[in-house]
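**Student:** generate a structure from the sequence data that follows.
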Amino acid sequence: MTPASSVGLTDAESSVADRRRVESDEALLQIEDLRVSFEGRDETVHAVNGVSLAVKRGEVFAVVGESGSGKSVSMLSVMGLLESPPARISGSIVFNGIELTTLSRRQMKSIRGSEIGMVFQDPMSSLNPVHPVGKQIAESVLLHRDVSRKAAKARALDLLDRVGIPDAGKRADDFPHEFSGGMRQRAMVAMALACDPKLLIADEPTTALDVTVQRQIVTLVNELQAESNMAVIWITHDLGVVAEIADRVAVMYAGRLMETGTADSIYSSTRHPYTSGLLRSIPRLDTPLVERLPEIPGSPPHVTTLLASCPFHQRCPLGESGCTDSLPELEDTGKGTMTACIHHRAMDAPGSIWPIEELSRSDDKSSELRHLVAIEGLKVHFPISRGGFRRKRLAVRAVDGIDLDIHSGKTVGIVGESGSGKSTLGRTLVGLETPTEGSILIDGKPLDTSSGAHRRRVQMVFQDPYSSMNPGQKVFEIVSEPMRIHKIGTPDQHHQRVAELLQMVGLRPDVIDRYPHEFSGGQRQRIAIARALAADPEVVVCDEPVSALDVSVQAQIINLLRDIQKRTDLALVFIAHDLSVVRQISDEMNVMYLGQVVERASRDDIFDNPLHPYTRALLAAVPVPDPHGKEARLSPPLEGDLPNPADPPTGCRFHTRCPVAVPGLCSEKVPEFREVAPGRWASCHLIEEGDKPILKIQKRETEEENNEPTQDEETNQ
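**Tutor:** As a prediction, this is how the structure comes out:
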């Protein structure tokens, strides 16, 4: 066990710390009855309400739950990052035998970063924008280790190389804004590992990242954890990622532990309705489609009084009078889990308490559809200059030649990694960007961004609803603004229409006098949808509307959009990087890479038989919420980042990352975007046309297998 002096304590402080030391062969972190509250002007919020857990050395421990469940606050308490006041902390936090709650700020500072590392959710806000990335990592080493600046810089370069930053020697001098989102997260991992900590806390490290980058980060943490045998606490609401990485899982709700156990037990034998509800809310690629995504009704409580009964009972399908008699404690279910539910014995058939209805496919109404939007040869380039006196003029080819049709009552899904041009395409459609070339026709008429009629017919729902709202406006002003701009109705009609829209998106009409900061993320997204519908548009562009939301809230928003579309015949353009979400809501899918569509087909064709290697890579990167057989299922992550859109590769733009690229063909000849089967389009040299098109590489592999000599032939040879 590491002596106290190793974390920077004086001799006197070491003797005090030694008296607090708790000998343990297994538990690296032991939390007992942790309680955290925040005192406000009008109320006290009880964020953590009696949490007890232990994290073993060398294990990956996942803490999951909806936003506001107390996950992050619990781990910020471990890091000593909560200011008192307003935070009040009680209970015990023992790390490596040292009671952390009694340490001074200086003592805690010597442990934080040296013994415990942390990766935060948003790397851009965690990195200093005015210092090179390499320098920031080196500073962490200098702060906790007695080494020279030269040695610290060498350590930073080695870490950047270990976490997969290409050309680390040069990129170490780049600033955070010059890194992609995935590279910034890798840099944060490198910084957290700078001093070889015994415990790594990762707080939502993959939220809102592309599935390919997410897979890279998960694989990276798995590899580094195995190398150093450090313990990892992974905080997330993404249960798919948890299945890939976790050894044990704790499920939190309203600041309480609802269930704990091994990952296998939680996923296969959960004995708490809340855990079951979270699991069933996940849109999955390995299960049949359902008419509506299963969701947990309601939202998590705002705990302002001490809990005296089960906090989940109002949303629980098994909730009854007995649930309010007392606060349930964790008890052994005999199924590998500890569960805080008096009805856990009724959980033998989770499907019976959360029924799932299979998708009832509607008849094809393509002949009745109205062709709303026709996009032809669309290009959107952003000029940039490089160099000094002799500047080299380049252009970021965000969208570089796209054709697209949008019909009423249908949803067009657009998927791809960040930087592929998805959002630029959506912003151009609503008139926020100006096309460089090509045309956008709405009902046969060219796009006119100066026309109020166009802005009324095409609306947008942005990824971050909070940043798209005026924080000084109340809900009524926010939702009614499009009606005032387009001079729709009278002020009295505005009040009636806003009340109808709020009811349509699942909010009470009496919230019209509240401000955006008073709502949860899911509620703000509902307000954003109500605002987009206020002008009675025909097309709504949804740009990553659920990427940062909890799975339960995500299901509510997807179901809401589907319900609205059925009632209003609305056309949706749904932009996302989560293919499992797009599968649930889309009729047609377009896969974008580096400004171009590389594959287009119906939803079922894309998911049943993906053709383009890039589409296959995206699908392979989607985590499956099932820990069984994960070692065999995990495919190598798609390597590298998107090439520079200002200087795309020659030939096929994907060939630099393609696992089946043919040298001399894919690197030199641009593939034609062609119809390889009725209703199926793709741009790849290796795709054979026909009723059931396939990759030629598959055919060659099959032929090689068929031509392999039998055992008798080998003997004769």
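**Student:** make it CA atoms for all contacts and neighbour counts henceforth
**Tutor:** Noted.
**Student:** quote the end-to-end distance of stretch 107-115.
**Tutor:** Start-to-end span of stretch 107-115 (Cα to Cα, to the nearest Å) is 12 Å.
**Student:** just the residues contacting it, thanks.
**Tutor:** 7-9, 79-80, 100, 140, 144, 192, 194-199 (Cα atoms under 8 Å, 6 or more residues apart in numbering).
**Student:** can you check stretch 294-309 too?
**Tutor:** Contacts of stretch 294-309 (Cα under 8 Å, 6+ apart): 43-47, 49, 66, 68-69, 253-254, 277-278, 280-281, 311-312, 315, 323-328, 354, 356, 552-553, 555-556.
**Student:** sort out for me which of these are in strands.
**Tutor:** Counted as lying in strands by DSSP state E, out of the contacts of stretch 294-309, are 44-47, 49, 253.
**Student:** which of the contacts of stretch 294-309 are buried? Put it as a ChimeraX command.
**Tutor:** Of the contacts of stretch 294-309, the buried ones go into a single ChimeraX selection, burial set by 16 or more other Cα atoms under 10 Å:
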select :44,45,46,47,49,66,68,69,253,254,277,278,280,281,311,312,315,323,324,328,354,552,553,555,556
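**Student:** how long is stretch 97-115 end to end?
**Tutor:** 12 Å.
**Student:** all strands for the stretch 51-200 of the chain, in order.
**Tutor:** Here the stretch 51-200 of the chain has its strands, by DSSP state E, counting those that start in this stretch, at 60-64, 87-95, 98-99, 116-119, 199-203.
**Student:** pick the most deeply packed of these.
**Tutor:** strand 60-64 (a mean of 26; mean count of other Cα atoms under 10 Å).
**Student:** partners of it in the sheet?
**Tutor:** Applying DSSP bridges to the sheet, strand 60-64 is found paired with strand 231-236 (parallel), strand 248-253 (parallel).
**Student:** also compute the angle for it relative to strand 199-203, please.
**Tutor:** For strand 60-64 against strand 199-203, the angle by axes from the mean of the first three to the mean of the last three Cα atoms, to 10 degrees is 30 degrees.
**Student:** tell me how many other residues surround the closest residue to Val430 other than its chain neighbours.
**Tutor:** Once flanking residues are discounted, Val430 sits nearest to Val458: 5.6 Å by Cα to Cα, 6 or more residues apart in numbering. Val458 is flanked by 22 other residues according to other Cα atoms under 10 Å.
**Student:** surely Val458 is in contact with Val540?
**Tutor:** Yes. Under the criterion of Cα atoms under 8 Å, Val458 makes contact with Val540 at 5.7 Å.
**Student:** for Ile217, what are its contacts?
**Tutor:** So Ile217 contacts 182, 185-186, 206 (Cα under 8 Å, 6+ apart).
**Student:** show me the two of these that sit farthest apart.
**Tutor:** The largest separation in the contacts of Ile217, counting by Cα to Cα, is between Arg186 and Thr206 at 10.7 Å.
**Student:** next SSE after the helix or strand of the chain with the lowest mean pLDDT?
**Tutor:** Ranked by mean pLDDT, DSSP states H and E, the helix or strand of the chain with the weakest confidence is helix 11-20, at a mean of 41. Note on helix 11-20: by DSSP states H and E, the next helix or strand toward the C-terminus is strand 27-39.
**Student:** pull the CA atoms of that next one into CSV?
**Tutor:** Extracted C-alpha coordinates of strand 27-39, given in CSV (Å, rounded to 0.1, in the frame of the first residue of the first chain):
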residue,chain,number,x,y,z
ALA,A,27,-11.1,-2.1,-1.9
LEU,A,28,-9.2,0.9,-3.3
LEU,A,29,-12.1,3.2,-2.8
GLN,A,30,-14.6,2.7,0.0
ILE,A,31,-17.6,5.1,0.3
GLU,A,32,-19.9,4.8,3.3
ASP,A,33,-23.2,6.7,3.8
LEU,A,34,-22.2,9.6,1.5
ARG,A,35,-24.6,12.6,1.6
VAL,A,36,-24.3,15.8,-0.4
SER,A,37,-26.7,18.7,-0.2
PHE,A,38,-26.6,22.2,-1.8
GLU,A,39,-28.0,25.1,0.2
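**Student:** who does that strand pair with, and is each partner parallel or antiparallel?
**Tutor:** strand 44-56 (antiparallel), strand 87-95 (antiparallel).
**Student:** where in the stretch 501-650 of the chain is pLDDT low?
**Tutor:** Within the stretch 501-650 of the chain, the stretches with pLDDT under 70 are 629-637.
**Student:** SS state for the closest residue in space to Leu594 that isn't next to it in sequence?
**Tutor:** Once flanking residues are discounted, Leu594 sits nearest to Ser420: 4.3 Å by Cα to Cα, 6+ apart. Assigned by DSSP: H, G, I helix; E, B strand; the rest coil, the conformation of Ser420 is coil.
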